[in-house]
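Enquirer: this one's sequence-less:
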Ligand SMILES: CC(C)(COP(=O)(O)OP(=O)(O)OC[C@H]1O[C@@H](n2cnc3c(N)ncnc32)[C@H](O)[C@@H]1O)[C@@H](O)C(=O)NCCC(=O)NCCS
Ligand SMILES: Nc1ncnc2c1ncn2[C@@H]1O[C@H](COP(=O)(O)OP(=O)(O)OP(=O)(O)O)[C@@H](O)[C@H]1O
């Protein structure tokens with residue numbers, strides 16, 4: 001099994017690229033969706049948030065008021081660290097279960113769309129690592145227009161993550177998404193070819209079928225050896 005890391009900066013275009021992967025038949029685990037599921041009303045993550053941040057971050061229906069919590073944590077690094085620390089175990093185990101489900105199905109290549117791949121050190125589990133990069137002016141412009149936020153709020157969100165240029169320097173593959181969507185789709189074709197290359201031996205052993213073959217071969221080997229010894 002090949003675990004492809006997909007990351008970048010906020011609003012750099014990760015979801016745009018993960019949609020292209022999905023359209024090409026490659027399954028994607030989306031850490032933002034996992035992070036939303038683990039804080040649904042009544043879950044362990046929800047309880048921890050209410051304990052730490054109080055009822056002020058709840059909507060009338062009891063769900064987390066994401067806009068309110070976002071305002072708090074993106075303007076206060078200490079509170080953001082608290083939130084990160086509380087949710088990290090829930091998010092990583094949620095991602096693990098999603099991978100396990102796809103492994104059981106026999107998927108050989110899985111894309112992990114994780115905005116904080118480097119920040120959470122999950123990069124060590126993925127190869128290759130794809131970084132979706134945009135220049136800063138474009139990133140701010142797209143973030144403001146998508147989320148309807150001010151430039152200051154956009155900069156706060158960008159500064160809550162490691163620098164996108166540094167992430168770019170750590171990437172195996174960089175997708176420059178500063179141009180038009182058509183240009184990005186064209187760049188994506190080469191990336192898809194690279195990601196879909198035949199699995200290495202190690203990756204094959206990590207896949208469901210590879211592990212099954214290894215177990216069968218070992219069992220047959222042991223049986224033959226026992227027969228020869230008798
Ligand atoms: C703060 C919250 C409530 C804001 O919710 P909101 O719906 O406005 O944003 P959403 O969840 O869609 O995230 C949008 C983007 O913000 C960035 N982001 C989210 N959380 C963080 C964080 N803790 N630090 C830095 N950037 C973050 C990511 O690039 C993400 O793609 C929410 O982002 C959250 O619960 N974050 C903590 C969980 C987390 O770490 N998520 C990232 C998964 S790796
Ligand atoms: N090449 C492009 N040209 C124009 N707009 C784009 C391009 N790529 C992405 N966008 C737009 O920019 C915004 C951010 O893109 P997207 O949601 O894919 O980023 P993201 O990295 O997944 O964001 P987040 O970190 O918040 O999850 C969206 O409104 C999207 O439609």
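Expert: Yep, that arrived. Please read all numbers here as calculations on a predicted model, not as lab measurements. Ligands and ions are numbered 1, 2, ... in the order given.
Enquirer: can you tell me if the host helix or strand of residue 6 touches ligand 2.
Expert: Assigned by DSSP states H and E, residue 6 falls within strand 2-8. Yes. Contact between strand 2-8 and ligand 2, assessed by Cβ under 6 Å from any ligand atom, occurs at residue 8. Glycine gets a C-beta too; all of them are placed from N, C-alpha and C.
Enquirer: Next, the angle from the helix or strand just after that strand to strand 2-8.
Expert: Tracing the chain C-terminally past strand 2-8 and defining elements by DSSP H and E, one meets helix 14-23 next. Using axes from the mean of the first three to the mean of the last three Cα atoms, to 10 degrees, the inter-axis angle of helix 14-23 relative to strand 2-8 is 150 degrees.
Enquirer: is the helix or strand that helix 14-23 is followed by up against ligand 2 anywhere?
Expert: Next along the chain after helix 14-23, taking DSSP H and E as the criterion, comes strand 28-30. No. Applying Cβ under 6 Å from any ligand atom, one finds strand 28-30 out of contact with ligand 2, separated by at least 8.7 Å.
Enquirer: Can you show me the helices along the protein?
Expert: In the chain, the segments counted as helices under DSSP state H are 14-23, 31-37, 44-53, 66-74, 77-105, 136-147, 151-159, 164-170, 181-195, 201-206, 208-229.
Enquirer: Look at the closest residue to residue 98 other than its chain neighbours and report its pLDDT.
Expert: Using Cβ to Cβ, 6 or more residues apart in numbering and skipping the chain neighbours, the partner closest in space to residue 98 is residue 29 (4.4 Å). pLDDT for residue 29: 98.
Enquirer: domains for this protein, by residue range?
Expert: Split into domains by automatic domain parsing, the chain comes to 1-27+107-197, 38-106, 204-230.
Enquirer: winner for burial among those domains?
Expert: Among the domains of the chain, domain 1-27+107-197 has the highest mean neighbour count (mean count of other Cβ atoms under 10 Å), at a mean of 18.
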